[in-house]
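> No letters, just coordinates:
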Ligand SMILES: Nc1ncnc2c1ncn2[C@@H]1O[C@H](COP(=O)(O)OP(=O)(O)OP(=O)(O)O)[C@@H](O)[C@H]1O
């Protein structure tokens, strides 16, 4: 019994000793299990997230995200510092990760910072509504699609939401204002649509709203412009319309960007409420009216002002010269008038002033004073005044502008006189554009000093002289436009240094000599335009080395020889124009191998041989082979003579020639004697009519040059076989005229001039184009110059009415009655020429471009360049 009691006691004691141990063990086990349980949830979530990653090119997760290490030590994972160790931050940015973002991340309920930006995640934004601790959600610059889930608004602690640079669409979540702690919201560069919710105003902490580059539409809600803590509002590049809210209450605003929308109306006057503003961009909208005259005073902290591409008008407010930090002003493409305010010279920080495309004027010294004033802006780098109404000589004070100037753009004004030679001191200039003005003088003194120039555009002026050898110092030049001037001389060999050239335009000058073979070393050249000069000699073989060339134009020169066979490797060439030269030899049919060629003009040369019917030669609409008498065959649309018929019949023809030549020779001799006799007689009879000058106004070369603004390209009406026709106004008589300048290098041009003088000086009819006078003299540089001056026909030629060319603005239409009346006019003219003009004349070139239409659309026949006269008795002539 005692033994039993004793053993019972021992058992109790054992239980008492073991139980606490068991309990302790149980407890520890429980603690351990509970930790495992929490970790397991985050572990499972992270593993599931990893499983959905389909691409990890840098192996960021593969090597490290394994169960061998605790997940808190995995790349990009940071945990809470005390147990239970939960995932607090997941930062995997810029690792090129691809795949969908697993919604298991929604279970990391302790997550505070989630940054997966700059990867290639696609698919929808996962459901994260349980993440009550999330403050930073950064998913920018991925490929996420679908809508922004409204459930995201449950993450009520969010401070920063960045979903920018994805493919998200749909609306901004209507319940966005539930995110009351939000300070930064970035949705830019997505496809978000709909209106901006006015409820944004309720998020009083908002400091940055970046919604640019979406498809937001509707008006900007008034509330959005009344957010007390807002520092940056970017709504640019959307489809917002209507006027800008009148009341701006954003006392802390620094940047306001509403550019590239469809906003209309005016800038609200209440600018003083946003006096903190540093950057204001309203560019590319439909805003109009005048600028608030106090704009510069109301915005004293302004550093950047973009108002370009709107409909603003009136004067540029002088107050813009007041904000001391203003560094960038862009008012381009508006309708500003008046003078450029001198006050802009007070802006010591000014680095860029763009006033392009306005109607700003400077007609006198006072109007140009702003240039002097801008001399005080020592940081000025860009001055852009193109397409305005600046008039007269460029003031010498321009050379006082900051020597840091990198862009000086003054194209399309009315600048005249010479360029101040000291402009060469702008040795930092990267771009100089003075094109489409009336500037004269030489460029020798200054051009070579601008050694950093990348773009030089002097096109369409009246510059004279040579291209100086110093041009070879501009080794960074990529664009060189010297076309449409009066440059003369040879291309200097130093030109070969310009190896970075991408476009070279020398057309419409008086350059002479050979095309330098050095041009072949311009490996990145894409456009070479040498047309309408007096280049002679052969085309250098080295030009076949171009690697990126797209356009070669060498037409209207006096080039000889054939196209070098090296051209067969110009695989990028799409346009080749060699027309109106003296090129000869076998047809360069290897051009057929150039797969990119879409336009080929070798007309008016002396190429010979059979034209292929395939490749580029198969398409008559993209090639021009006219007036190469030695060419035959080819596609039927080319209407060339057949090569084979000629061959078969060659024997017969030879035979006939042998018999017929002596017979015709004899007859011609008799006729020649007869006509000489007749000519002498007629000359005596018409002695008083011989001098063209007697009945016609006298004009000099200078008169015509002045009337046509130096035969400028903008006055060119068209080109014919023997020359070019320019629109002009005679200074004396104020008469509007068309001046046909004969290109005497062209074969037959001289004959055409004489023939036209001969025809027009004596005949007169209401349906024949009246000639005002002729001019045969020498030009400025001593070359023979021949021109005919006609009345200008304001409605152009019938050709432009019948065949609408793609580049014409609006199609012209002729009604049936008009067509019949034009036909009658032409018939009347021909009837007169054939029967009633005293000396029967055959026009020989009746075509729509020679039928001109006056103010009232009466047709007048012109171009008697190849007309023929018949001396026989008029009544005997019969013409079809
Ligand atoms: N008085 C004029 N008023 C308006 N346009 C004119 C006048 N004279 C000629 N033109 C236009 O100028 C262009 C060139 O005319 P031009 O007579 O030199 O050549 P073309 O007749 O077109 O060609 P081709 O010389 O090969 O027959 C044509 O488009 C012509 O219609």
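Arrived safely. Note that the coordinates shown come from a computational prediction; the quantities given were computed from them, not determined experimentally.
> all contacts plus neighbour counts: C-alpha atoms, from now on.
Will do.
> can you map out the strands along the stretch 251-400 of the chain?
Assigned by DSSP state E, counting those that start in this stretch, the strands in the stretch 251-400 of the chain fall at 255-257, 262-265, 279-281, 286-289, 304-306, 311-314, 328-330, 335-338, 352-354, 359-362, 382-384, 389-393.
> what secondary structure does residue 488 sit in?
strand (DSSP: H, G, I helix; E, B strand; the rest coil).
> swap that for residue 45, please
Going by three-state DSSP: residue 45 is helix.
> Next, give phi and psi for the one residue in the stretch 601-750 of the chain that gets nearest to the ligand.
As assessed by C-alpha to the nearest ligand atom, the ligand sits closest to residue 720 within the stretch 601-750 of the chain, at 3.2 Å. Note on residue 720: its backbone torsions stand at phi -110, psi -170 [degrees, to the nearest 10].
> For this protein, what lies in contact range of the ligand?
717-725, 738, 790-793, 796-797, 849-850, 863 (C-alpha under 6 Å from any ligand atom).
> Buried by neighbour count, from those residues: which ones?
721-725, 738, 790-793, 796-797, 849-850, 863 (16 or more other C-alpha atoms under 10 Å).
> Helices - which of those land there?
Among these, no member falls in helices (DSSP state H).
> Confidence-wise, which of those residues comes last?
Checking pLDDT across those, the minimum falls on residue 721 at 82.
> picking up where we left off before, just put the strands of the stretch 251-400 of the chain in CSV and tack on mean pLDDT and mean neighbour count.
Converted to CSV, the strands of the stretch 251-400 of the chain look like this (pLDDT from 0 to 100; neighbours: other C-alpha atoms under 10 Å):
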stretch, mean pLDDT, mean neighbour count
strand 255-257, 98, 20
strand 262-265, 97, 20
strand 279-281, 97, 19
strand 286-289, 96, 20
strand 304-306, 98, 20
strand 311-314, 97, 20
strand 328-330, 98, 20
strand 335-338, 97, 20
strand 352-354, 98, 20
strand 359-362, 96, 22
strand 382-384, 98, 21
strand 389-393, 95, 21
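> What is the neighbour count of the spatially closest residue to residue 543 that is not a sequence neighbour?
Residue nearest to residue 543 in three dimensions, not counting chain neighbours: residue 520, with 4.3 Å by C-alpha to C-alpha, 6 or more residues apart in numbering. By other C-alpha atoms under 10 Å, the residues close to residue 520 number 18.
> Need the three-state assignment for residue 520.
Applying three-state DSSP: residue 520 is helix.
> Any stretches of the stretch 551-700 of the chain with poor pLDDT?
Across the stretch 551-700 of the chain, the ranges flagged by pLDDT under 70 are 644-666, 668-696.
> Show me where it has its helices.
Taking DSSP state H, counting those that start in this stretch as the criterion, the stretch 551-700 of the chain carries its helices at 643-648, 650-685, 692-695.
> ok, now the stretch 251-400 of the chain?
With DSSP H, counting those that start in this stretch as the criterion, the stretch 251-400 of the chain has helices at 295-298, 369-374.
> any chance of those in a markdown table, plus mean pLDDT and mean neighbour count?
Below are the helices of the stretch 251-400 of the chain laid out as a markdown table (pLDDT from 0 to 100; neighbours: other C-alpha under 10 Å):
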| stretch | mean pLDDT | mean neighbour count |
| --- | --- | --- |
| helix 295-298 | 95 | 21 |
| helix 369-374 | 96 | 20 |
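> can these go into JSON lines with extra columns for distance to residue 411?
Listed next are those as JSON lines, based on distance: least, C-alpha to C-alpha, whole Å:
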{"stretch": "helix 295-298", "distance to residue 411": "28"}
{"stretch": "helix 369-374", "distance to residue 411": "16"}
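> returning to that earlier point: right, and the strands of the stretch 251-400 of the chain - which one's nearest residue 613?
strand 382-384 (51.9 Å; C-alpha to C-alpha).
> Tell me who's in contact with the closest residue to the ligand within the stretch 451-600 of the chain.
Using C-alpha to the nearest ligand atom, the closest approach of the stretch 451-600 of the chain to the ligand is made by residue 580 at 11.8 Å. Going by C-alpha atoms under 8 Å, 6 or more residues apart in numbering, residue 580 touches 555-558, 602-605, 746.
> And for the closest residue to residue 590 other than its chain neighbours, the neighbour number?
Of all residues not flanking residue 590 in the chain, residue 568 sits nearest, at 6.0 Å (C-alpha to C-alpha, 6+ apart). Neighbours of residue 568 under the rule other C-alpha under 10 Å: 17.
> Just confirm residue 568 contacts residue 595, I think it does.
No: at 10.1 Å, residue 568 does not count as touching residue 595 under the criterion of C-alpha atoms under 8 Å.
> Following the chain past the worst-scoring helix or strand of the chain on mean pLDDT, name the next helix or strand.
Ranking every helix and strand in the chain by mean pLDDT, DSSP states H and E puts helix 692-695 at the bottom, with a mean of 47. The C-terminal neighbour of helix 692-695 among helices and strands, as given by DSSP states H and E, is helix 701-707.
> Parallel or antiparallel, which strands does the next helix or strand after that next one pair with?
Counting by DSSP H and E, the element after helix 701-707 in chain order, helix or strand, is strand 716-719. Paired strands of strand 716-719, with direction, are strand 723-729 (antiparallel) (DSSP bridges).
> before we move on, the earlier item: now for the residue nearest to residue 543: which residues touch it?
By C-alpha under 8 Å, 6+ apart, the residues touching residue 520 are 542-546.
> Using CSV, please lay out the residues you listed together with neighbour count.
As requested, the contacts of residue 520 are arranged in CSV below (neighbours: other C-alpha atoms under 10 Å):
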residue, neighbour count
542, 17
543, 23
544, 20
545, 17
546, 23
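> for those residues, which one is nearest residue 511?
Nearest to residue 511 among the contacts of residue 520: residue 543, at 18.5 Å, using C-alpha to C-alpha.
> Start and end of stretch 591-603, how far apart?
Start-to-end span of stretch 591-603 (C-alpha to C-alpha, to the nearest Å) is 15 Å.
> Buried residues of that stretch, list them for me.
591-592, 594, 597, 599-603.
> Check stretch 458-469 too.
Using 16+ other C-alpha under 10 Å as the test for burial, stretch 458-469 gives 458-468.
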